[in-house]
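> okay, here's the prediction I keep looking at, along with the sequence it came from:
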Amino acid sequence: MSASPPIARIEPLTTARALRGPFDYRIPEGFGAVEVGTLIAVPFAGRDVLGVVTGLAETTDVPAEKLAEPRERVDGPGVPASLVALAGWIADEYCSTPARALGLVLPPGAGRAIRPRVRTRRALVAELTDAGRAALADPEARVTAKQRAVLRNLAAGPLPAADSGTDHGSLRRLAERGLLVVERRELRRRPVHSAIGARHDGVPPPLTAEQEAALERIVAALGAPRPGEPGAPSDADRRFLLHGVTGSGKTEVYLQAAAAALEAGRDVIVLVPEIALAPQTVARFQARFGDTVAVLHSQLGQGERYDEWMRLRRGEARICVGPRSAVFAPLADVGLVIVDEEHEPAYKHEGDPRYDARRVAARRATDAGAVLLSGSATPRPESVRALRRLRIGRRVDGRAMPAVEILDMRDARHPLHPVTREALGDVRRAGQKAIVLVNRRGWSNFLSCRSCGRVWECPQCDVALVLHRGRHAVSCHHCGHAERVPSRCPDCGSVSLARHGAGTERIEQELLEAIGDERFPVFRLDADTTATKGGIVRALERFDAAPAGVLVGTQIVAKGHDFPDVTLAVVLDADQTLRFPDFRAEERTFALVAQLAGRAGRGPHGEGRVLVQTLAVDAPSIVAAAAHDSDGFLAGELARRELLRYPPFASLIRVVCSAEEATDAHAAAAAVASRLGEVPGAQVLGPAPLFRLRGRERSQLVVKATERRAAVRAVAAAVDAVARAPEGRRASLSADVDPQ
């Protein structure tokens, strides 16, 4: 094995935007092998920090004697070279720094600390020997009933000694007889998965003609020559959009495409938009592929994440399922990247770098010569225009899509329309299930004084406080500020206080009073009821296991769940998202209604029924969703966006400047705008004030550009320059490419 080059280019993992490498370090004799991705402690700015090797070189422009030497290699695994390169692309693509982007791909527990916070778990493990198996199978063997029980516990595989069913002394005596071995080993921390989805076995069902046609296209791309080989298809020919109605069997296409990738010797990444959807998808994939499936998400314990990450790194697991961050799974040879429910905005990361996992997935597929397979019943206009569309227009069981009825709420005095109350009563009498979506949590949207008009607002944010009756508090959903529900107005002394709007808490109470009982329970699913680890999964499991009932929740209840006994779906205040100042408002409203409609009528109880309560009965997005007209909606939305130069016909970049004083925030934003100058094909909108958030004043500007790369480079340069200039010293700046 040849020695490493003497110069290592290392990126110190600092948060400062002004300090970015890589920086050259001289590797001393006897330091050991160094490669791209190795984690190394290096001296930097007067202290020791963790760094990642991003390149190696034989020479440098700096005299060798002036180069610092790294302190030590960091114990544990490094970062795969492919992920180091991906992090570099993310830093450039999302106006971030290499150090912040590298933080996304580090092994779990590495963080920015030099000493890893997670280590391999080791424990005494007992394992059955061949002699032990023979004794277990022989009813005449000289073992006691207690010893036989221990052997039976170990028959399925090795167990920690503490879980074997006996004490260490008994295990030692069995080991002395050669019936088992007891030794200290690395012990895997296994994530506990949900039972949702356990109804699916590992036997592939027959495909419909549309599923078969879609799968053939995907498998052909998987089997095509890789980039650089003769006859290799273009990158565009490896990117597919599986556009299938809800219940059309998209997941089965994913499963069989994954099987084809594994058969070809390649690995698979499966992305889901929410942690709540991961257990159901994991169950489906594990039923088909067993322990070759690993799961990565932030609600796992750090030890569990580390062990799953290491299984992927070592090639013991070859399919990774998880939300956004699973796109960074350390797989060696990715051949298929699946993005389920690709329309979901949850794929956009909120912290810096503000990456979009859908775009990162496409980049990773390109780098690996892999197939990208995005799927949705309500795909984004961007995906429809960019990807090869594979259509599945019918449900796998041949049933028609559920009937959708739009209910006019313009004269309503109650949050539940009479037709809705009657339909829920019918579901209760039939012993079936329903889902009710109300995209607000809490009891009421805000409180006001009937006498003087005062509205209770957050002292840190320019928003109204939401009433949560269960906590007897009004709270801010942005910063978490909370105070007790007032008994009188502090301005005029009036005790006449009004509650406006209805959230999940109030709707839950309305349903409990109207139809709920022991035989027809009401379940609530929102951020208030699922704040603890695994709370979302436990709530969904309870609803799944109940013979009947109604699930009330925010938009999480509409996201891809497969409950075959749901016969009624209800959307309350369906036009709420239309009132947002967002060019995607129509798209999101259409997706929300269409996705919830897809939860109904999947099982043996008939076609299902959907009720949509709205003030905007003629809104194009709601009318199209009620008609299950995805093609018509997409055609109209693409035409509108082309006219207004919105994505996918232009790219948006948002710069937000925040400070304690509004003048400082506006000055920083104005300085960014002035430095942008003339960007080819770009229009700069703003600066304009934003509402105060967490006690800080904010100002923003938006760049609308047809030349994406030029605009990204210009914005990154302007933000970096202002961050170092006097105008930026009293402000925090953030750039968001493709803001959601």
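Ah, there it is. Numbers count the residues shown, from 1 in each chain.

> in the longest helix along the chain, which residues are buried?
Of all segments of type helix in the chain, defined using DSSP state H, the longest is helix 708-724. When neighbours are counted by 16 or more other Cβ atoms under 10 Å, the buried residues of helix 708-724 are found to be 708, 711, 712, 714, 715, 716, 718, 719, 720, 722, 723. Where you see a C-beta, it was placed from the backbone N, CA and C, and this is true even at glycine.

> counting by contacts, list what whatever helix or strand comes next after it packs against.
Once the chain leaves helix 708-724, the next helix or strand it forms, by DSSP states H and E, is strand 732-737. For strand 732-737, the packing partners by 3 or more Cβ pairs under 8 Å, 6 or more residues apart in numbering; DSSP states H and E come out as strand 651-659, helix 708-724.

> of all these, which lies closest to residue 582?
Closest approach to residue 582 among the helices and strands packed on strand 732-737 (Cβ to Cβ): strand 651-659, 11.1 Å.

> off-centre distance for that closest one?
Going by Cα atoms, centre = their mean, to the nearest Å, the spacing between the C-alpha centre of strand 651-659 and its chain's C-alpha centre is 23 Å.

> what is the mean pLDDT for that strand?
In this model, strand 651-659 has an average pLDDT of 96.

> contacts for the helix or strand following it?
Moving toward the C-terminus from strand 651-659, the first helix or strand encountered (DSSP H and E) is helix 662-676. Under the contact criterion Cβ atoms under 8 Å, 6 or more residues apart in numbering, helix 662-676 has outside partners 655, 657-659, 682, 684, 686-687, 689, 696-701, 703, 714-715, 717-719, 721-722, 725, 727-728, 730-731, 733.

> among the residues you listed, which ones are buried?
Members of the contacts of helix 662-676 that pass the buried threshold by neighbour count (16+ other Cβ under 10 Å) are listed as 655, 657-659, 682, 684, 686-687, 696-701, 703, 714-715, 718-719, 722, 727-728, 731, 733.

> who's in contact with residue 614?
When the contact criterion is Cβ under 8 Å, 6+ apart, the partners of residue 614 are 406, 407, 408, 409, 571, 573, 574, 575, 622.

> among those residues, which ones are in strands?
Under the assignment DSSP state E, the contacts of residue 614 contribute 406, 407, 408, 571 to strands.

> quick one: which of the residues you listed is nearest residue 106?
For these, the minimum distance to residue 106 (Cβ to Cβ) is 41.2 Å, reached by residue 571.

> isn't the closest one right up against residue 420?
No - between residue 571 and residue 420 there is no contact under Cβ atoms under 8 Å: 9.9 Å.

> looking at those two, which is more packed in?
Of the pair residue 571 and residue 420, residue 571 is the one with more neighbours under other Cβ atoms under 10 Å, namely 31 against 23.

> low-confidence regions, the chain specifically.
Low-confidence segments of the chain, defined by pLDDT under 70, are located at 1-4, 111-122, 187, 192-202, 531, 533-534, 560, 601-606.

> got the contact list for residue 702?
Applying Cβ under 8 Å, 6+ apart, one finds that residue 702 lies in contact with 652, 653, 654, 655, 684, 685, 686, 739.

> could I get the phi/psi values of the residue of the chain most remote from its centre?
No residue in the chain sits farther from the centre than residue 140, which is 55.3 Å out by Cα atoms, centre = their mean. Per-residue torsions, residue 140: phi -90, psi 0 (degrees, to the nearest 10).

> ok, what's across the strand from the closest residue to residue 715 other than its chain neighbours?
In space, residue 715 comes closest to residue 653 once its chain neighbours are excluded; the distance is 5.0 Å by Cβ to Cβ, 6 or more residues apart in numbering. When bridges are called by DSSP bridges, residue 653 pairs up with residue 703, residue 737.

> what is the burial count for residue 653?
Other residues near residue 653 come to 27 when the count uses other Cβ under 10 Å.

> that one contacts residue 718, correct?
No - judged on Cβ under 8 Å, residue 653 makes no contact with residue 718 at a distance of 10.3 Å.

> I'd assumed residue 481 was in contact with residue 475.
Yes - in this structure residue 475 lies within contact range of residue 481 using Cβ under 8 Å: 6.6 Å.

> shared neighbours of those two, anything?
Contact criterion Cβ under 8 Å, 6+ apart; residues shared by residue 475 and residue 481: residue 465.

> buried stuff in stretch 73-82?
73, 74, 76, 77, 78, 79, 80, 82.

> do a quick rundown of the strands in the stretch 151-300 of the chain.
When secondary structure is read from DSSP state E, counting those that start in this stretch, the stretch 151-300 of the chain shows strands at 159-160, 180-186, 239-244, 267-271, 293-295.

> chain center to the shortest one: distance?
On the basis of Cα atoms, centre = their mean, strand 159-160 sits 33 Å off its chain's mean C-alpha point.

> what's that strand packed up against?
strand 122-128.

> output the strand it packs on as PDB, restricted to C-alpha atoms.
Provided in PDB are the C-alpha atoms of strand 122-128 (Å, rounded to 0.1, in the frame of the first residue of the first chain):
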ATOM      1  CA  ARG A 122     -20.300  -4.100  23.700                       C
ATOM      2  CA  ALA A 123     -21.900  -6.600  26.100                       C
ATOM      3  CA  LEU A 124     -21.800 -10.300  27.100                       C
ATOM      4  CA  VAL A 125     -23.700 -12.200  24.400                       C
ATOM      5  CA  ALA A 126     -24.900 -15.800  24.600                       C
ATOM      6  CA  GLU A 127     -25.200 -17.900  21.400                       C
ATOM      7  CA  LEU A 128     -26.400 -21.400  20.800                       C
END
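
> report the distance from the helix or strand that that strand is followed by to the chain centre.
Moving toward the C-terminus from strand 122-128, the first helix or strand encountered (DSSP H and E) is helix 130-137. Relative to the centre of its chain, helix 130-137 is centred 46 Å away, using Cα atoms, centre = their mean.

> heads up, I number from 36, so please use that
Will do, 36 is the new start, and the previous item becomes helix 165-172.

> between helix 165-172 and strand 215-221, how many degrees?
Put simply, helix 165-172 runs at 120 degrees to strand 215-221, going by axes from the mean of the first three to the mean of the last three Cα atoms, to 10 degrees.

> flag every buried residue along helix 165-172.
The neighbour-count criterion (16+ other Cβ under 10 Å) identifies 167, 170, 171 as the buried residues of helix 165-172.

> among these, which one sits closest to residue 559?
When the buried residues of helix 165-172 are compared for distance to residue 559 (Cβ to Cβ), residue 171 wins out at 48.1 Å.

> pretty sure the closest one contacts residue 187?
Yes - because the distance of 6.4 Å satisfies Cβ under 8 Å, residue 171 is recorded as touching residue 187.

> and the angle for the longest helix of the chain with helix 697-711?
With the same axes, to 10 degrees applied, the angle from helix 743-759 to helix 697-711 works out at 140 degrees.

> residues contacting helix 743-759, please?
With Cβ under 8 Å, 6+ apart as the contact definition, helix 743-759 has outside contacts at 52-53, 127-130, 686, 688, 690, 703, 706-707, 710-712, 714-717, 738, 740, 763, 768, 770, 772.

> then stretch 192-201?
With contact meaning Cβ under 8 Å, 6+ apart, stretch 192-201 is reached by 158-162, 181-182, 184-185, 188-189, 203, 206, 217, 220, 222.

> highest neighbour count among the residues you listed?
Ranked by neighbour count (other Cβ under 10 Å), the contacts of stretch 192-201 have residue 161 at the top, with 26 neighbours.
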